[in-house]
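Undergrad: Could you work out the structure for the sequence below:
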Amino acid sequence: MVRTWMLDTNTVSYIVRGMSPAARDRLDGLKINEVGCISVVTEAEIRYGLARRPPSLAFRTVLNDFLRKIQILPWGSDQAQAYGTLRFKLESAGKPLSALDLLIAAHAISTNATLVTRDKAFAQVEDLRPPVNWAVDL
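TA: Presented below is the predicted three-dimensional model:
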């Protein structure tokens, strides 16, 4: 059985910026039965962040290399269905989640992926597999 690890935006940032060698090592050390990926929502957040930054060819190169190497999962009807259910559950329970975090959580749920993040807000999402933090050196 393949284990899927979906990296949240903060984890990608730590890896690309070289802030967390532990997270980079964990991603580089995935076993044959493990897959690392990101949601297309995370790609959108990363590209927005890049657009806001002053031009830096070195950083853009590192980021684009990362995006070429990691699997980017598309958003589709299964994700939309998970989103609708999850948003209703969280709003009914009074546990709001930011719009993009909600999309990423729904994506992880719909693909049965484990979310890799330092963001503690995801801990309140009961339908999500327990999130893990690879950036243990921060």
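Undergrad: ok, and for the longest helix along the chain, which residues are buried?
TA: For the chain, the helix that runs over the most residues, judged by DSSP state H, is helix 77-92. Neighbour counts over helix 77-92 (16 or more other CB atoms under 10 Å) mark Gln79, Ala82, Tyr83, Leu86, Arg87, Leu90 as buried. (C-beta placed from N, C-alpha, C; glycine too.)
Undergrad: For the fifth one, report the pLDDT, please.
TA: Per-residue confidence at Arg87 stands at 97 (pLDDT).
Undergrad: what's the answer for the first one, then?
TA: In this prediction, Gln79 carries a pLDDT score of 98.
Undergrad: Report the helix or strand with the lowest average pLDDT across this structure.
TA: Lowest on mean pLDDT, DSSP states H and E among the helices and strands of the chain sits helix 57-69, with a mean of 91.
Undergrad: okay, that helix in PDB with CA atoms only?
TA: The C-alpha trace of helix 57-69 is given here as PDB (Å, rounded to 0.1, in the frame of the first residue of the first chain):
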ATOM      1  CA  LEU A  57      16.700  34.300 -10.300                       C
ATOM      2  CA  ALA A  58      18.300  31.900  -7.800                       C
ATOM      3  CA  PHE A  59      15.200  31.600  -5.600                       C
ATOM      4  CA  ARG A  60      12.900  31.200  -8.700                       C
ATOM      5  CA  THR A  61      15.200  28.500 -10.000                       C
ATOM      6  CA  VAL A  62      15.100  26.600  -6.700                       C
ATOM      7  CA  LEU A  63      11.300  26.900  -6.500                       C
ATOM      8  CA  ASN A  64      10.700  25.900 -10.100                       C
ATOM      9  CA  ASP A  65      13.000  22.900  -9.700                       C
ATOM     10  CA  PHE A  66      11.100  21.800  -6.700                       C
ATOM     11  CA  LEU A  67       7.700  22.200  -8.500                       C
ATOM     12  CA  ARG A  68       9.000  20.200 -11.500                       C
ATOM     13  CA  LYS A  69      10.100  17.300  -9.200                       C
END
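Undergrad: list the helices and strands it packs on?
TA: Contacts defined by 3 or more CB pairs under 8 Å, 6 or more residues apart in numbering; DSSP states H and E place helix 57-69 against helix 9-16, helix 40-52.
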